[in-house]
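[1] quick one, what's the 3D model for this:
(one chain, ligands or ions: 1)
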Amino acid sequence: MERLNGKIALITGGVSGIGLATARLFHEQGARLAVTGRDRDSLSRAQEEFGNDVLVARSDAGKLSEIESLIGQVKERFGRLDVLFVNAAIAKPAPFVFVTEEQFDETVGINLKGVFFTIQKALPLFTHGGSIIVTTSIANQMGSPNFSVYSASKAALRSLVQTLGLELIAKGIRINAISPGPISTPMFDRFGLPDDMVQGIKGEIERKSPIKRFGTPTEVAKAALFLATDESSYIVGDELVIDGGMSLL
Ligand SMILES: NC(=O)c1ccc[n+]([C@@H]2O[C@H](COP(=O)([O-])OP(=O)(O)OC[C@H]3O[C@@H](n4cnc5c(N)ncnc54)[C@H](OP(=O)(O)O)[C@@H]3O)[C@@H](O)[C@H]2O)c1
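    Numbers count the residues shown, from 1 in each chain. Okay, the predicted model is just below:
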């Protein structure tokens, strides 16, 4: 049985990591899809993999004009939306005292402002209710040294999902969050740190993790699928933690 047959879904940051795994799963489950990213190589690989039925759009999630243009493309191609997975984000580690205004604005611009306005601009396309899923992080409830801006942006999203849970349910739209712990994706390679340091960080996370491993992007995608379908029909404004027990420590 295809669980998203006839549904139309937009996934931001859908050409890498968790977003790509979710795009693959949604596609397998019969959804008609639009996915976004910025990196041209990742976008071309996704277009090649999914074929022309999927709208693969280059769109900067931190720029309002590009969000508006993306929503216009989705409207023109599909006419409406049933599922929105707002997943694009960046994470750049830096000790608190060294964070510049530029770094602060970039992270908050993509991770918070971008998510806020993607949801706002996409709302008119939800003509028959639907499901919105926001990727937060367990960093929103744990202290995460060197990730002050990232963690604060994700905590703000947790709050946004609670407020919008109440505002949007009257329109038949459920919004929920997915909160991943450490997941094996290219995110760690984008930290801008030397490879041996990244390997060291990953090893330390594995040792600390109750389940003794990273999660896979597919393990998160399955949770997104659950929240996208009516199987989660009574879940509103909540956050599903997928972290192998990490946030229990
Ligand atoms: N991996 C983890 O351990 C972990 C843990 C907790 C939460 N998360 C969250 O999970 C989500 C997915 O991350 P991931 O781990 O799958 O990392 P990833 O592989 O780096 O994927 C991030 C995606 O977001 C896109 N993106 C970033 N900035 C963008 C922008 N300005 N405009 C459009 N797209 C943008 C990237 O595309 P381009 O590179 O093409 O711009 C990429 O497709 C993020 O919200 C992240 O915060 C991840």
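[2] for the ligand, give me its nearest residue in this structure.
    Nearest residue of the chain to the ligand, counting by Cβ to the nearest ligand atom: G17, 2.2 Å away. Bear in mind the C-beta positions are built from the backbone N, C-alpha and C, glycine included.
[3] angles on the backbone of the closest residue to that residue other than its chain neighbours, please.
    Nearest-residue entry for G17: T185, 3.1 Å, with adjacent residues in sequence omitted and distances by Cβ to Cβ, 6 or more residues apart in numbering. The phi/psi pair for T185 (degrees, to the nearest 10) reads phi -140, psi 170.
[4] which residues does T185 contact?
    Residues in contact with T185 (Cβ atoms under 8 Å, 6 or more residues apart in numbering) are 16-18, 217.
[5] check D41 too.
    Contacts of D41 (Cβ under 8 Å, 6+ apart): none.
[6] and the next element down the chain from the helix or strand hosting it?
    Using DSSP states H and E, D41 sits within helix 40-50. Next helix or strand after helix 40-50 toward the C-terminus (DSSP H and E): strand 55-58.
[7] show me what that following strand is packed against.
    Judged by 3 or more Cβ pairs under 8 Å, 6 or more residues apart in numbering; DSSP states H and E, strand 55-58 is in contact with strand 32-37, helix 40-50, helix 64-78.
[8] distance from the shortest one to the middle of the chain?
    For strand 32-37, the distance from its own C-alpha centre to the chain's C-alpha centre is 12 Å (Cα atoms, centre = their mean, to the nearest Å).
[9] what's in contact with that strand?
    So strand 32-37 is contacted by 7-16, 19-20, 23, 26-27, 43, 46, 50, 53-59, 61, 70, 73-74, 77-78, 88 (Cβ under 8 Å, 6+ apart).
[10] list only buried entries from these.
    Among these, those buried by neighbour count (16 or more other Cβ atoms under 10 Å) are 7-16, 19-20, 23, 26-27, 43, 46, 50, 54-57, 59, 61, 70, 73-74, 78, 88.
[11] hang on, the earlier thing: got a winner among the contacts of T185 for most neighbours?
    Among the contacts of T185, the one with the most neighbours (other Cβ atoms under 10 Å) is I18, at 30 neighbours.
[12] in which helix or strand does that residue reside?
    helix 17-28.
[13] okay, now the nearest residue to F116 once chain neighbours are set aside: neighbour count?
    Of all residues not flanking F116 in the chain, L160 sits nearest, at 6.6 Å (Cβ to Cβ, 6+ apart). Residues within reach of L160, counting by other Cβ under 10 Å, total 20.
[14] possible to save the contacts of T185 as JSON lines with distance to G165?
    Converted to JSON lines, the contacts of T185 look like this (distance: Cβ to Cβ, whole Å):
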{"residue": "S16", "distance to G165": "28"}
{"residue": "G17", "distance to G165": "26"}
{"residue": "I18", "distance to G165": "22"}
{"residue": "P217", "distance to G165": "25"}
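[15] let me see the ranges of the strands in the protein.
    All strands of the chain, identified by DSSP state E, fall at 8-11, 32-37, 55-58, 83-86, 130-135, 173-180, 239-242.
[16] redo these as TSV? Include distance to the ligand and mean pLDDT.
    Output for these, formatted as TSV (distance: least, Cβ to the nearest ligand atom, whole Å; pLDDT from 0 to 100):
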stretch	distance to the ligand	mean pLDDT
strand 8-11	9	99
strand 32-37	3	98
strand 55-58	8	98
strand 83-86	8	99
strand 130-135	4	99
strand 173-180	4	98
strand 239-242	9	98
